[in-house]
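*Asks:* 3D, please:
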Amino acid sequence: MGLRSYLKTKFFARRLRKSGLIFPIRTKINGVSSNDRQGALAQSMPGDDLQIVRTPLKKYPHNTYVYSIALNRVLGYLDKELSQKL
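*Replies:* Take a look at the predicted model:
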């Protein structure tokens, strides 16, 4: 393990302890009723890989959406409190 990856691992471990989050996270996804996201959720399976993508906007600085890698679609958005902790 190189110095850079070691420091990165230590930084994220410290940040997780400080935030109080425990993984895996189980939460509700907001905004699932628009853009046929209900259909995408019906197609998804437990254990599918998800990606959490933060896209800050001027009006919504903690805008974070949940992206399904298997379906290649956005499923919805995380709430503000969880987004701030991540």
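*Asks:* which residues of this protein score low on pLDDT?
*Replies:* Filtered on pLDDT under 70, the chain yields the residue ranges 1, 16, 19.
*Asks:* phi first, then psi, for the residue nearest to the spatial centre of it.
*Replies:* Centroid-nearest residue in the chain: Ile52, 2.8 Å away (criterion: C-alpha atoms, centre = their mean). Backbone torsions of Ile52, given as degrees, to the nearest 10, read phi -100, psi 120.
*Asks:* now Arg37
*Replies:* phi -70, psi -20.
*Asks:* how many other residues sit next to the nearest residue to Asp49 once chain neighbours are set aside?
*Replies:* Excluding the flanking residues, the one nearest Asp49 by C-beta to C-beta, 6 or more residues apart in numbering is Ile69, at 4.4 Å. All C-beta atoms are positioned from the backbone trio N, CA, C, and that covers glycine. Counted with other C-beta atoms under 10 Å, residues neighbouring Ile69 total 10.
*Asks:* in this structure Gln84 contacts His62, no?
*Replies:* Yes. Here Gln84 reaches His62: they are 5.3 Å apart, a contact under C-beta atoms under 8 Å.
*Asks:* higher neighbour count, those two?
*Replies:* Set Gln84 next to His62 and count neighbours by other C-beta under 10 Å: His62 wins out with 17 against 12.
*Asks:* what residues are up against that one?
*Replies:* 54, 56, 80, 83-84 (C-beta atoms under 8 Å, 6 or more residues apart in numbering).
*Asks:* all strands for the protein, in order.
*Replies:* Assigned by DSSP state E, the strands in the chain fall at 50-54, 64-68, 73-77.
*Asks:* related to what we said a few turns ago, could you turn the buried ones of the contacts of His62 into a ChimeraX selection?
*Replies:* Buried residues among the contacts of His62 (16 or more other C-beta atoms under 10 Å), as a ChimeraX selection:
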select :83
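*Asks:* returning to what we had before: nearest to Gln38, out of the strands of the chain?
*Replies:* strand 73-77 (9.8 Å; C-beta to C-beta).
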